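Undergrad: Give me the fold of what follows.
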Amino acid sequence: MEFNDIIDRYGDLVYKIAFLYTGTASDSDDIFQETFLKLLSYKGEFRDDEHIKAWLIRVTVNFCKMHHRSAYSRYKAELDENIPANTADDALLRQSVTGAVMKLTEKYRVPVLLFYYYGYSCEEIGKILKISHAAVRTRLKRARNSLKTELEEVWNNE
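TA: The predicted structure follows:
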């Protein structure tokens, strides 16, 4: 598969994962670029399309974790550029499932994304995140409980 075809096929996936980790468009752009630059310099062979996809996800997650540990990430001022303050759209966004998922911590948000949005099994997610499949199931359960609580609060306040 050609490099441009890989970007066309998996670019959105890489960007969405980066955005879910970082929460900002600019950091997601940087991680997207680093991931595909890493692909350009990769000397190994891919068995099939699923191998390429899994490799890109793993590299993206690794870059996100490195970004999170960086001094830049630890000491930057937080500006919530994704949720508009005091607007009618803000209430609608808080009510949406996607908005609630975005509020989850990274530890729970990523397994939810991979399981529900991209259809990976617990075993596959465990391999990608380098944790046991039992830990994946636990994180998914805790994330569901957190989402249930969050959404019940929003819906009960209406």
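
Undergrad: Which neighbouring elements make contact with the host helix or strand of E152?
TA: Using DSSP states H and E, E152 sits within helix 133-156. Here helix 133-156 is seen to pack against helix 88-95, helix 97-103, helix 106-112, helix 122-129 when contacts are counted using 3 or more Cβ pairs under 8 Å, 6 or more residues apart in numbering; DSSP states H and E. In this view, the C-beta of every residue, glycine as well, is placed from N, C-alpha and C.

Undergrad: Please find the angle between the direction vectors of the last one and helix 133-156.
TA: What separates the directions of helix 122-129 and helix 133-156 is an angle of 100 degrees, with axes from the mean of the first three to the mean of the last three Cα atoms, to 10 degrees.

Undergrad: May I have helix 122-129 as PDB, with CA atoms only?
TA: Provided in PDB are the C-alpha atoms of helix 122-129 (Å, rounded to 0.1, in the frame of the first residue of the first chain):
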ATOM      1  CA  CYS A 122     -10.600  -6.300  24.800                       C
ATOM      2  CA  GLU A 123      -7.700  -8.600  23.900                       C
ATOM      3  CA  GLU A 124      -6.700  -6.300  21.000                       C
ATOM      4  CA  ILE A 125      -7.000  -3.200  23.100                       C
ATOM      5  CA  GLY A 126      -4.900  -4.800  25.800                       C
ATOM      6  CA  LYS A 127      -2.100  -5.500  23.200                       C
ATOM      7  CA  ILE A 128      -2.300  -1.900  21.900                       C
ATOM      8  CA  LEU A 129      -2.200  -0.300  25.300                       C
END
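
Undergrad: And it, what's buried?
TA: Using 16 or more other Cβ atoms under 10 Å as the burial criterion, the residues of helix 122-129 that qualify are C122, E124, I125, G126, K127, I128, L129.
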